[in-house]
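**Student:** Attaching a predicted model along with its sequence, questions to come.
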Amino acid sequence: MTNLEELKQLALAATSGRWNSAYHNRTDTWAITFEKHGCDTVNDEENIIARAMDGSSKYSTDFDYIAEANPATILKLIERIEKLEAALRHYEIAHYCKICGCNCVGDKIASEVLNEKI
């Protein structure tokens with residue numbers, strides 16, 4: 001498994017923009033395409049990131065997954081992991097609340113991170 005910094009660098013170097021999974025009738029293939037300037041250019045060959053040469057439906061879920069695991073999503077997941085790690089470090093070193101005896105600050109940070117939408 002790649003460490004988070006390596007994964008972040010790969011995501012930053014990958015093609016940016018929204019990725020889509022699409023079946024191409026013309027070529028009988030599944031492909032991952034990206035939107036260029038906000039336009040979905042499924043049939044534009046230069047916007048294809050990956051292609052399965054077999055057009056069977058067995059690849060549809062794989063290509064849907066790959067499209068959703070695009071660089072922006074990976075970067076958001078890494079950011080969330082980093083926030084959780086920071087919250088845990090803070091939680092481990094923070095002083096307990098003198099009023100209620102709990103770790104209010106660490107609990108608040110962890111709660112905010114855990115409830116964050118990706």
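**Tutor:** Structure received. Numbers count the residues shown, from 1 in each chain.

**Student:** can you tell me which residues contact Y23?
**Tutor:** Applying C-beta atoms under 8 Å, 6 or more residues apart in numbering, we find Y23 in contact with 29-31, 55, 60. All C-beta atoms are positioned from the backbone trio N, CA, C, and that covers glycine.

**Student:** R51 sits in which helix or strand?
**Tutor:** Take DSSP states H and E as the rule and R51 turns out to sit in strand 48-52.

**Student:** List the buried residues for that strand?
**Tutor:** Buried positions in strand 48-52, judged by neighbour count with 16 or more other C-beta atoms under 10 Å: 48-49, 51-52.

**Student:** same thing with stretch 49-63?
**Tutor:** Residues of stretch 49-63 classed as buried under the neighbour-count rule (16+ other C-beta under 10 Å) are 49, 51-52, 55, 59, 63.

**Student:** so which of those comes closest to I74?
**Tutor:** The nearest member of the buried residues of stretch 49-63 to I74, counting by C-beta to C-beta, is I49 at 14.0 Å.

**Student:** Poorly predicted segments of this structure, please.
**Tutor:** For the chain, residues meeting the criterion pLDDT under 70 lie at 1-2, 36-45, 55, 90-118.

**Student:** run the last query once more with 80
**Tutor:** In the predicted model, the chain carries pLDDT under 80 at residues 1-2, 35-47, 52-59, 87-118.

**Student:** Strands along that one, start to end?
**Tutor:** Listed in chain order, the strands of the chain (DSSP state E) span 19-24, 29-34, 48-52.

**Student:** Now distance to L84 too, for these, in JSON lines please.
**Tutor:** JSON lines is the format used below for the strands of the chain (distance: least, C-beta to C-beta, whole Å):
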{"stretch": "strand 19-24", "distance to L84": "25"}
{"stretch": "strand 29-34", "distance to L84": "29"}
{"stretch": "strand 48-52", "distance to L84": "30"}
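
**Student:** All set, thanks.
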